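# here are the coordinates; sequence isn't available:
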């Protein structure tokens, strides 16, 4: 690796970690806003989406520039490819957070829901996955990345349970269909974020091991 390539890769790592921190903070802010129906936080989240989109484009352009000018191979090439993919996953996670923010605005205009759904517990599990996926990237921790992938099924189950509760509550409280559908939508976006976080963990596994594990059972692979 040339000195110039090393410098550019280190700068790229710094950029992706900075973006990760911003997107993770946005996620935690908006999931807390759901609990309190915090309209100001929701509006700030929606307004700030363009900033994340700009950072995503800057990182993508930097990756493409490195690929074109230095033609990296082996581990360096895997790193650039992984950052390109993680960059995209982070932007999509932020889009989901923005969509949750829009649901918060919808909740603020409706009367309180008579039912309670464990959105907070689901958000906590997704937040745990998110934190671990970023830690696995920062520390190149294979086992932590594998653990993140294994947690995705738990979030899927939580989403199914909330959907079943919403369906039953709509049956018994048809006058609150609108607000209950907002909670079902929030649950679906949280489940989608968990999927994207799992994708980041899979990208980390690819970076470390060179395996493309998407659509494969991790138990069947010789990892670590």
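Okay, I see it. All figures in this text were calculated on a predicted structure; none of them were measured in a lab.
# where in this protein is pLDDT low?
For the chain, applying pLDDT under 70 flags the ranges 1, 114, 215-224.
# so the nearest residue to residue 46 once chain neighbours are set aside versus residue 37, what's the distance?
In space, and not counting its chain neighbours, residue 46 is closest to residue 101: 5.0 Å by Cβ to Cβ, 6 or more residues apart in numbering. Heads up, the C-betas are built off the backbone N, CA and C, glycines and all. For residue 101, the distance to residue 37 equals 11 Å [Cβ to Cβ, to the nearest Å].
# what about those two, which has more around it?
With neighbours defined as other Cβ atoms under 10 Å, residue 101 and residue 37 compare such that residue 101 has more, 27 against 16.
# tell me which helix or strand comes right after the helix or strand that one falls within.
With secondary structure defined by DSSP states H and E, residue 101 is part of helix 74-108. On the C-terminal side of helix 74-108, the nearest following helix or strand under DSSP H and E is helix 119-139.
# packing partners of that following helix?
When contacts are defined as 3 or more Cβ pairs under 8 Å, 6 or more residues apart in numbering; DSSP states H and E, helix 119-139 packs onto helix 3-36, helix 142-172, helix 177-209.
# tell me the most buried of these?
helix 177-209 (a mean of 22; mean count of other Cβ atoms under 10 Å).
# can you give the distance from that helix to the centre of its chain?
Put simply, helix 177-209 sits 6 Å off its chain's centre (Cα atoms, centre = their mean, to the nearest Å).
# summarise which helices and strands it is packed against.
helix 3-36, helix 74-108, helix 119-139, helix 142-172.
# what sits against the closest residue to residue 192 other than its chain neighbours?
Distances taken as Cβ to Cβ, 6+ apart put residue 96 closest to residue 192, at 5.4 Å, once the chain neighbours are dropped. Taking Cβ atoms under 8 Å, 6 or more residues apart in numbering, we find residue 96 in contact with 189, 190, 192, 193, 196.
# residue 178 now?
Residues near residue 178 by Cβ under 8 Å, 6+ apart: 106, 110.
# repeat that for 10 Å
106, 107, 109, 110, 111, 113, 170 (Cβ atoms under 10 Å, 6 or more residues apart in numbering).
# now, which of these sits nearest residue 214?
Taking Cβ to Cβ as the measure, residue 214 sits nearest to residue 106 out of those, at 33.5 Å.
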